[in-house]
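Trainee: Give me a model of this one.
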Amino acid sequence: MIDDEISPRGAGSDELRGPMRAWVPFMQLVATVAAVAVPLRIVLGAGWVSAFPAIDGVVMAVFVIDALINLRSARKEQTSRGWLLLAADVVAAIPFHLRTGIFPLVFLRLVKLLRVARWMRIWRNERPTRWNVLRLVYFGYWLALSVHWLAVGWLALRGIAPGANGWTLYLRSLYWCISTLTTIGYGDITPESNPEVVYAMIVMIFGVGMYGYVIANVSTIITNLQPARVRHQESMETLAAFMRYKRIPGDLQRRIREYHTHVWEQRLGVDESSILAGLPPALFTDVSLFLKRDIIQKVPFFRSADESLIRDIALQMHPLVFTPGDVVFHVGDEGNTMYFISRGKLEVLDRDGVTVRATLGAGEFFGEMALVLDQTRSATVRALGYCDLYRLERDAFNAIMRRHPSFADHIRAMTAERQANFPGLSPTSNIDSQARED
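Mentor: All right, here's what the predicted structure looks like:
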């Protein structure tokens, strides 16, 4: 296979966009048919299968079209590997065996498998969550082709007697190849000539290597089909040992386990902040906007915000989780944070701590007045279940407003309107106080 690194936005990824999404699988199918049919036609001859000439014509036509398509990609990519692959496409497309009369040159069709190997790597890189599954599938694909080629090679050495059934002989050759590769070797089909003995030894050595590979890797592949689950189980075992060592009360242990189970079920145990922190600044900004834009634009304060302001706000929003019964803040607490609900439900309690004033769900927000007014919390907010929230701190919000003074004026106007509708609110605007400080 061609071992190259392909970035998600690189030329390799571009090959599988738009109409190429349908063309590439078709091309892989045609290349696979050629890889199966070419050796069979060499050994059995065109007389055994009347469709061989038609298959050869279709393969040649498709390969020519694909070479023209890949010429554009090679010009865009401008790398030595891209031009090398294009050269392989051209070699596979040209019918050298027809031009020269040397029919074995039809084997040059098989260089198209270099392109298949590249496509496989692109598919695998585009689907990191299915990496191990695709690795297992691709191993099976190349193993099946290898078994077919070895069986055809054995059939070529044994020869086909006049009047014999070529397909029956091929089936027996396939049987011999599989039994030899799997180290079973019943001995009912044995090598007779010296070339057959040498060939059999080569197949046996290949079989031993394949058997070792399977034992060493397939079990690992199957185990890693769910790597996140494996990591979660290991972390839970470590956590359980820690809680036993520290003699944490049973009820508290249960809450800790339930929290980690929630994080695993909703996020596969992945911390959003740590994942985003490893991205370059531009990509970090794009992902943050994708995750938070819809939530931000639901807040009345931010509906008229321009793109740069939304970007600044998204970069300052940080995720946090509340477990069932957790209090986000109590009535009378200092208000310096607003919250955006990504998942879960919370209830807003009146000053008596019992009466439910409202229930908030995904896509809603609360505590927004804390960003613009110097006042304490007028209600208690409590999580009804596991809740995934984003928080925006007042200091970060004020810094953003200083960078966007026109929007700060808009906020002041909205605050004045809110104060008129709710006279009990403090008359002191945090935006105004920040402006005076500046």
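
Trainee: and the nearest residue to residue 304 once chain neighbours are set aside, which of the three is it?
Mentor: Excluding the flanking residues, the one nearest residue 304 by CB to CB, 6 or more residues apart in numbering is residue 410, at 6.5 Å. Every residue, glycine included, has its C-beta placed from N, CA and C. Classification of residue 410 using DSSP: H, G, I helix; E, B strand; the rest coil returns helix.

Trainee: Likewise for residue 347?
Mentor: Put simply, residue 347 is strand when judged by three-state DSSP.

Trainee: what's the spacing between it and residue 328?
Mentor: According to CB to CB, to the nearest Å, residue 347 stands 10 Å off from residue 328.

Trainee: So those two - more neighbours on which side?
Mentor: Taking other CB atoms under 10 Å, residue 347 and residue 328 do not tie; residue 328 has more neighbours (21 against 15).

Trainee: wait, doesn't that one sit right on residue 377?
Mentor: No: taking contacts as CB atoms under 8 Å, residue 328 lies outside contact range of residue 377: 9.4 Å.

Trainee: what is in contact with these two at once?
Mentor: Both residue 328 and residue 377 are in contact with residue 367, where contact means CB atoms under 8 Å, 6 or more residues apart in numbering.

Trainee: who's in contact with the helix or strand containing residue 254?
Mentor: Residue 254 is part of helix 250-267 when elements are defined by DSSP states H and E. Applying CB under 8 Å, 6+ apart, the contact partners of helix 250-267 are 228-229, 232, 235-236, 239-240, 243, 248, 269, 321, 323, 343, 386, 388.

Trainee: one more time with 7 Å, if that's ok
Mentor: 232, 236, 239, 243, 269, 321, 323, 343, 386, 388 (CB atoms under 7 Å, 6 or more residues apart in numbering).

Trainee: how close does the first one sit to residue 211?
Mentor: In this structure, residue 232 lies at 33 Å from residue 211, with CB to CB as the measure.

Trainee: So the two - more neighbours on which side?
Mentor: residue 232 (18 against 13).

Trainee: Doesn't the more buried one lie inside a helix?
Mentor: Yes: applying three-state DSSP, one finds residue 232 inside a helix.

Trainee: anything in contact with each of residue 347 and residue 328?
Mentor: In contact with both residue 347 and residue 328: residue 382, using CB under 7 Å, 6+ apart.

Trainee: Go through the helices and strands of the protein and name the one with the lowest mean pLDDT.
Mentor: Within the chain, no helix or strand scores below helix 430-437, which has a mean of 40 by mean pLDDT, DSSP states H and E.

Trainee: circling back to that earlier point, using a markdown table, lay out the contacts of helix 250-267 together with secondary structure, distance to residue 256 and pLDDT.
Mentor: Putting the contacts of helix 250-267 into a markdown table (DSSP: H, G, I helix; E, B strand; the rest coil; distance: CB to CB, whole Å; pLDDT from 0 to 100) gives the following:
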| residue | secondary structure | distance to residue 256 | pLDDT |
| --- | --- | --- | --- |
| 232 | helix | 14 | 71 |
| 236 | helix | 10 | 82 |
| 239 | helix | 7 | 85 |
| 243 | helix | 7 | 87 |
| 269 | coil | 14 | 52 |
| 321 | strand | 12 | 86 |
| 323 | coil | 9 | 88 |
| 343 | strand | 20 | 85 |
| 386 | coil | 13 | 86 |
| 388 | strand | 18 | 86 |
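
Trainee: okay, among those, which ones form the most distant pair?
Mentor: Pairwise distances across the contacts of helix 250-267 (CB to CB) peak at 26.5 Å, for the pair 243 and 343.

Trainee: Show me where the chain has its strands.
Mentor: With strands called from DSSP state E, the chain shows them at 318-322, 327-329, 337-343, 346-349, 356-360, 365-366, 380-383, 387-393.

Trainee: Would you mind giving those strands as CSV with distance to residue 283 added?
Mentor: Formatted as CSV, the strands of the chain follow (distance: least, CB to CB, whole Å):
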stretch, distance to residue 283
strand 318-322, 18
strand 327-329, 31
strand 337-343, 21
strand 346-349, 32
strand 356-360, 32
strand 365-366, 26
strand 380-383, 32
strand 387-393, 19
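
Trainee: Going by mean pLDDT, which of those strands comes out lowest?
Mentor: The weakest mean pLDDT among those belongs to strand 365-366, with a mean of 84.

Trainee: Show me what it is packed against.
Mentor: Judged by 3 or more CB pairs under 7 Å, 6 or more residues apart in numbering; DSSP states H and E, strand 365-366 is in contact with strand 337-343.

Trainee: List the neighbouring strands of the strand it packs on plus their orientation.
Mentor: strand 365-366 (antiparallel), strand 387-393 (antiparallel) (DSSP bridges).

Trainee: okay, the ones you listed in a markdown table with distance to residue 290 and mean neighbour count next?
Mentor: Listed next are the strands paired with strand 337-343 as a markdown table, based on distance: least, CB to CB, whole Å; neighbours: other CB atoms under 10 Å:
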| stretch | distance to residue 290 | mean neighbour count |
| --- | --- | --- |
| strand 365-366 | 18 | 20 |
| strand 387-393 | 13 | 21 |
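
Trainee: between those strands, which one is nearest to residue 140?
Mentor: Closest to residue 140 of the strands paired with strand 337-343 is strand 387-393 (CB to CB; 39.3 Å).

Trainee: And the helices in the stretch 1-150 of the chain?
Mentor: 11-14, 20-44, 52-77, 80-93, 96-100, 113-126, 131-158 (DSSP state H, counting those that start in this stretch).

Trainee: Please report how far the spatially closest residue to residue 289 that is not a sequence neighbour lies from residue 305.
Mentor: Once flanking residues are discounted, residue 289 sits nearest to residue 314: 5.1 Å by CB to CB, 6+ apart. Residue 314 sits 11 Å away from residue 305, going by CB to CB.

Trainee: Next: residue 413.
Mentor: Separation of residue 413 from residue 305 (CB to CB): 14 Å.

Trainee: Those two: who's more crowded?
Mentor: Each of residue 413 and residue 305 has its neighbours counted (other CB under 10 Å); residue 305 has more, 19 against 9.

Trainee: any idea how far the closest residue to that one other than its chain neighbours is from residue 155?
Mentor: Nearest residue to residue 305, sequence neighbours excluded (CB to CB, 6+ apart): residue 407, at 6.3 Å. For residue 407, the distance to residue 155 (CB to CB) stands at 78 Å.

Trainee: Name the residue in these two with the higher neighbour count.
Mentor: Between residue 407 and residue 155, counted using other CB under 10 Å, residue 155 has the larger neighbour count: 23 against 19.
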